[in-house]
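>>> Take a look and give me a structure for this.
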Amino acid sequence: MTIFLWFLFIVAGFFSGSVLYCRLIPKALTHRDICEIADDKNPGAFNVFTHFGIPMGILCLFCDIMKGFVPVLLASLFMDTTNLLFSIVMIAPALGHAVGIFDKFHGGKAIAVSFGITAGILPVSFVAFPLLAVLFVLFSTAVRMKPNRVRSIAVYALFGVLSGVLCALIDGASVAIGCVCISLIALFKHIFSKENGPIQ
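Next up is the predicted model:
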């Protein structure tokens, strides 16, 4: 029964992450496709804010955060978070978002969903979410990098290293592995997605 519950949380998280709200919501409300409008073709909240305005951007950002937050939070409340399977629960929404199985495998870059995932583990880890938030604020204000893609690469590279070490020491291996893998997914999408082109 326990292995079935793990399977359920992992699959639910993956399919939850696979729903690309930043593409679906603007398309439903305005009949315009963010992936056709945006320069980087990314179905992400930043592009929604840029091309459709603040209200729709907030709505899409909220949905993208919640699709990572809800399945991970529920798993953290009902399952053993020290079990290494919990790291797969953490990875599932980010992987689903990056793969985009409901959108011809054209997924996003996993930024908003990673915030949702790290917020979802707050009952068991007070390291990951604040660390990710601080890094984003730091590299958006004090240490500015252009383009935004370079900033995201720096943030997730640092987050992967720091969260891997700190979470392993404080929260345990499962949370540390989950954070590192989320970072690797985001890094892969930012570095190797064909829509990105070379880093300038």
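>>> what's the lowest-mean-pLDDT helix or strand in the chain packed up against?
Within the chain, no helix or strand scores below helix 34-37, which has a mean of 87 by mean pLDDT, DSSP states H and E. Contact analysis of helix 34-37 by 3 or more C-beta pairs under 8 Å, 6 or more residues apart in numbering; DSSP states H and E lists helix 21-30, helix 45-52 as its packing neighbours. Quick note: C-beta positions are derived from backbone N, CA and C, even for glycine.
>>> So which of the ones you listed is the most surrounded?
Ranked by mean neighbour count under mean count of other C-beta atoms under 10 Å, those are led by helix 45-52, which reaches a mean of 20.
>>> quick one: buried residues of the very next helix or strand once past that helix?
Sequence-wise, the next helix or strand downstream of helix 45-52 (DSSP states H and E) is helix 54-78. Across helix 54-78, burial judged by 16 or more other C-beta atoms under 10 Å covers 56-57, 59-61, 63-73, 75-76.
>>> Equivalent analysis for stretch 74-92, please.
So stretch 74-92, judged by 16+ other C-beta under 10 Å, has buried residues 75-76, 79, 81, 85-92.
>>> ok, now stretch 126-141?
For stretch 126-141, a neighbour-count test (16+ other C-beta under 10 Å) marks 127-129, 131-132, 135-136, 139 as buried.
>>> pLDDT of it, averaged?
The average pLDDT for stretch 126-141 rounds to 93.
>>> do the same with stretch 52-63
94.
>>> Show me the contact partners of it.
Stretch 52-63 is touched from outside by 21-22, 25-26, 29-30, 32, 34, 45, 48-50, 112, with contacts defined as C-beta atoms under 8 Å, 6 or more residues apart in numbering.
>>> The same query, at a cut-off of 10 Å, please.
19-26, 29-30, 32, 34, 37, 43-51, 69, 111-113, 115-116 (C-beta atoms under 10 Å, 6 or more residues apart in numbering).
>>> Now do the same contact list for W6.
Taking C-beta under 10 Å, 6+ apart, one finds 75, 79-80, 83, 85-86, 88-89 in contact with W6.
>>> Fine, thanks again, bye for now.
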